[in-house]
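I'll drop the sequence and a predicted model, then ask my questions.
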Amino acid sequence: MSDLTASQPAPSEPILIIGAGLAGWTTVREFRKLDTTTPVVLVTADSGDFYAKPTLSNAYAQKRTPAQLVSTPAAKMVETLNVTLLAQHRVESLDTAARSVVLGHGGQTQTLHYSRLVLATGAQPIRIPVGGTGADQVKSINNLDDFGAFHQALGVDPSAAEPAAPKTVLIMGAGLIGCEFANDLVHTGATVHVVDPGPRPLSLLLPAEAGDQLRTALEALGVVWHFGTTVTAVDGTDSGLTVQLADGGVVSAHMVLSAIGLRADTALAAAAGLVCERGIVVDDMLQTSALGVYALGDCAQYASAGQRPLPYVMPIMNAAKALAATLAGTPTALVFPLMPVSIKTPALPIVVAAAHPALAGAWKAGDGEGIWQFTDGEGTQRGFVLTGKSTARRMEQSKATQP
């Protein structure tokens, strides 16, 4: 994929990593296991504090504030991993021929050269346009700062002895993130409405029977579903927001949370001329279309996954380990194992090992309650879904599944 005639990296320049999310920090951690001396510079637009992004959607159930979600402060990461952190810096441009980036910070710019570059820029929330005077009050949660702003606006302290006045929150999207937030927000005493154009929660990921189980379980906690419709307008009122639905329904809410999915952040890469499709296109070595430039995490479109993004934790961990070995001098192709995903809906625990979306096949009930298996045209099991107590059979079903 790369131009092999491009200049080789100057050995004196550092490895540069853009992004301090799980992908960026895990790459540094894995690299330091193999190489303790090569200079590494990590650039991020935020503070660089390390936290697990999945904890954003179950913080209230765990009675944790935004500050308590930080597992390792940036200063400790710097000390432990021997890395130069440029926090609160934005990458304004990338020149792959010159192996340099222009950084902006505090109204000033600087040019930084690199030997190898790792893009771990993540993904951005998909926002659909809605009308109304309160459209600008629709929130998304994609990082710790977003969650902090939402937490403040909701006005609920999960660690407080006395509960706050109950709120009404409307969630746009009944996918994985929308369902996790719905389950979590009921722990604040909120009334939660979920709006989705599909027929049931997680309709693109689960067989119909499993989706119906989740619908019933969250409904029992008080979640109000609005399927087969969308939000068309959000208007501000003296007491909050009025949400208009496409089917004519109207919901009064204090807050509206958009959780309709993520789109790979390819802006920097595309502006630099890198090949981008659904994400930054990388080969099985995680190299982009430019020599010495790599990408992983939510921003990447993996050749090793059939040319698709994989926005989950385990793909990041596998990719970071392979890339670290390559950066340390041992070229290592990325091979993804079967990676079941646990959905954080305690009302109905769910484990999903999804088959490739382009794979033809069908769901069938397994040998027990709460078990479904996805089989291809030859009858080979290529995925599974487990719910409730059957999630304990994760290892058994994993062994029976061909990735």
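Thanks, I have it. Residues are numbered from 1 along each chain as shown.

need the contact list for A190.
154, 156, 166-169 (Cβ atoms under 8 Å, 6 or more residues apart in numbering). C-betas here are computed from N, CA, C, even on glycine.

how much space is there between it and H356?
37 Å (Cβ to Cβ, to the nearest Å).

Check A246 too.
32 Å.

which helices and strands sit right next to the helix or strand hosting K321?
Using DSSP states H and E, K321 sits in helix 313-327. Where contact means 3 or more Cβ pairs under 8 Å, 6 or more residues apart in numbering; DSSP states H and E, helix 313-327 is packed against helix 22-34, strand 116-119, strand 293-295, strand 300-302.

Buried residues of that helix, list them for me.
313, 315-316, 318-327 (16 or more other Cβ atoms under 10 Å).

Repeat that for stretch 30-37.
Within stretch 30-37, the residues scored as buried using 16+ other Cβ under 10 Å are 30-32.

closest to V341 among the residues you listed?
Nearest to V341 among the buried residues of stretch 30-37, counting by Cβ to Cβ, is E30 at 21.3 Å.

Could you find the closest non-adjacent residue to the closest one?
In space, and not counting its chain neighbours, E30 is closest to A324: 3.5 Å by Cβ to Cβ, 6 or more residues apart in numbering.

Go ahead and confirm that neighbour touches L34.
Yes: counting by Cβ atoms under 8 Å, A324 does reach L34; the two are 6.1 Å apart.

sorry, back to before: can you tell me how far the residue nearest to E30 sits from G107?
35 Å.

One more: M255?
34 Å.

and what of I280?
29 Å.

Please say which of those two ends up with more neighbours.
I280 (29 against 5; other Cβ atoms under 10 Å).

contacts for stretch 324-333?
15, 27, 30-31, 33-35, 38, 116, 118, 284-286, 294, 304, 322-323.

Pairing-wise in the sheet, spell out the partners of the closest residue to L144 other than its chain neighbours.
Distances taken as Cβ to Cβ, 6+ apart place Y51 nearest to L144, at 5.5 Å, with adjacent residues excluded. Note on Y51: beta-bridge partners by DSSP bridges are V70.

Y51 against L69, yeah?
Yes: counting by Cβ under 8 Å, Y51 does reach L69; the two are 4.9 Å apart.

list the residues that contact both of the two?
L144.

right, and the secondary structure at K76 would be what?
helix (DSSP: H, G, I helix; E, B strand; the rest coil).

Going forward, count from 53.
Sure thing, new numbering starts at 53, so read that last one as K128.

now it: how far from D101?
Distance from K128 to D101, by Cβ to Cβ: 9 Å.

N194 now?
Counting by Cβ to Cβ - N194 and D101 are separated by 15 Å.

And for F388?
29 Å.

a markdown table for the contacts of A242, including pLDDT and distance to P392?
Converted to a markdown table, these look like this (pLDDT from 0 to 100; distance: Cβ to Cβ, whole Å):
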| residue | pLDDT | distance to P392 |
| --- | --- | --- |
| L206 | 92 | 32 |
| V208 | 76 | 32 |
| P218 | 82 | 36 |
| K219 | 93 | 34 |
| T220 | 97 | 34 |
| V221 | 98 | 29 |
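
Of those residues - the most surrounded one?
V221 leads the contacts of A242 on contacts (other Cβ under 10 Å) with 22 neighbours.

and the residue nearest to R179 when sequence neighbours are not counted, what are its phi and psi?
Nearest in space to R179, with sequence neighbours left out and distances taken as Cβ to Cβ, 6+ apart, is S310 at 6.0 Å. Main-chain dihedrals, S310, degrees, to the nearest 10: phi -90, psi 120.

is it true that S310 touches A187?
No: if you go by Cβ under 8 Å, S310 and A187 don't touch, sitting 10.5 Å apart.

Give me the more crowded residue out of the two.
S310 (21 against 17).

got the contact list for the more buried one?
177, 179-180, 190-192, 224-225.

hmm, which two among the residues you listed are most spread apart?
Most distant of the contacts of S310, by Cβ to Cβ, are I180 and K191, 13.9 Å apart.

Compare these two and say which is more crowded by neighbours.
K191 (18 against 12).

where's that one relative to G200, distance?
11 Å.

Check G76 too.
In terms of Cβ to Cβ, G76 sits 20 Å off from G200.

For these two, indicate the residue with more neighbours.
G76 (27 against 16).

With the flanking residues excluded, which residue is spatially nearest to the more buried one?
The spatial neighbour of G76 that comes closest, neighbours along the chain excluded (Cβ to Cβ, 6+ apart), is A172 at 3.9 Å.

Could you do A399 as well?
Nearest residue to A399 in three dimensions, chain neighbours excluded: A269, at 4.1 Å (Cβ to Cβ, 6+ apart).

again with A272
Here the residue nearest A272, using Cβ to Cβ, 6+ apart, is A399, at 7.1 Å.
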